[in-house]
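Undergrad: sequence unavailable; structure follows:
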């Protein structure tokens, strides 16, 4: 259990892959989230479904050098959230055009995350609520 003052920050797959691949110009802001987690100022969380996407991007699409080591380091810095049948059904029944985004969003929401960090915030804007803020890495960094 996290202390009440440490926000739980859910990383969308795009931000997680920016960190793993050191993809610029996004890496500079995204890696600061890892630094905050290392300092104990935030707790990073990712979904189990993101892992499948990250494995695919790392090994099959981009064939990153040291992909295994990069993924291990990243995963060790995060908590992993397991999806549930209810979350998958809610995502499928939602009006999200991109159902993978819906799955990420509802996984974060049901886990109790405080913030949802994505570079693709336009698709999440109408779902954003006071209990789950959707922000870019830069917006989140400016917030804290």
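TA: Happy to help now that I have it. If you're wondering where the values come from, they're calculated on a predicted model, not measured in any experiment.
Undergrad: tell me where this protein has strands.
TA: 8-11, 43-47, 78-81, 115-117, 133-135 (DSSP state E).
Undergrad: out of these, which gets nearest to residue 103?
TA: The closest of the strands of the chain to residue 103 is strand 43-47. By C-beta to C-beta, the value is 7.4 Å. Just so you know, the C-beta spots here come from the backbone N, C-alpha and C atoms, and that holds for glycine as well.
Undergrad: packing partners of that closest one?
TA: Here strand 43-47 touches strand 8-11, helix 27-38, strand 78-81, helix 99-111, going by 3 or more C-beta pairs under 8 Å, 6 or more residues apart in numbering; DSSP states H and E.
Undergrad: pretty sure residue 90 sits against residue 105.
TA: No. Taking contacts as C-beta atoms under 8 Å, residue 90 lies outside contact range of residue 105: 9.5 Å.
Undergrad: which of those two has more neighbours?
TA: Taking other C-beta atoms under 10 Å, residue 90 and residue 105 do not tie; residue 105 has more neighbours (28 against 17).
Undergrad: got the contact list for the more buried one?
TA: 91, 96, 116, 124, 127, 132, 134 (C-beta atoms under 8 Å, 6 or more residues apart in numbering).
Undergrad: of the helices and strands packed on strand 43-47, which stretch is the most buried?
TA: Most buried of those by mean neighbour count (mean count of other C-beta atoms under 10 Å) is strand 8-11; its value is a mean of 26.
Undergrad: so what strands line up beside that strand?
TA: strand 43-47 (parallel), strand 115-117 (parallel) (DSSP bridges).
Undergrad: out of these, deepest packed?
TA: Using mean count of other C-beta under 10 Å, strand 115-117 ranks as the most buried of the strands paired with strand 8-11, with a mean of 24.
Undergrad: what residues does that strand touch?
TA: 7-12, 15, 33, 104-105, 108-109, 124, 132-137, 140.
Undergrad: shaky segments in the chain?
TA: Within the chain, the stretches with pLDDT under 70 are 1-4.
Undergrad: could you measure from the residue of it most remote from its centre over to residue 49?
TA: If you look at how far each residue of the chain sits from its centre, by C-alpha atoms, centre = their mean, the farthest one is residue 65, at 22.2 Å. To residue 49, residue 65 is 25 Å away according to C-beta to C-beta, to the nearest Å.
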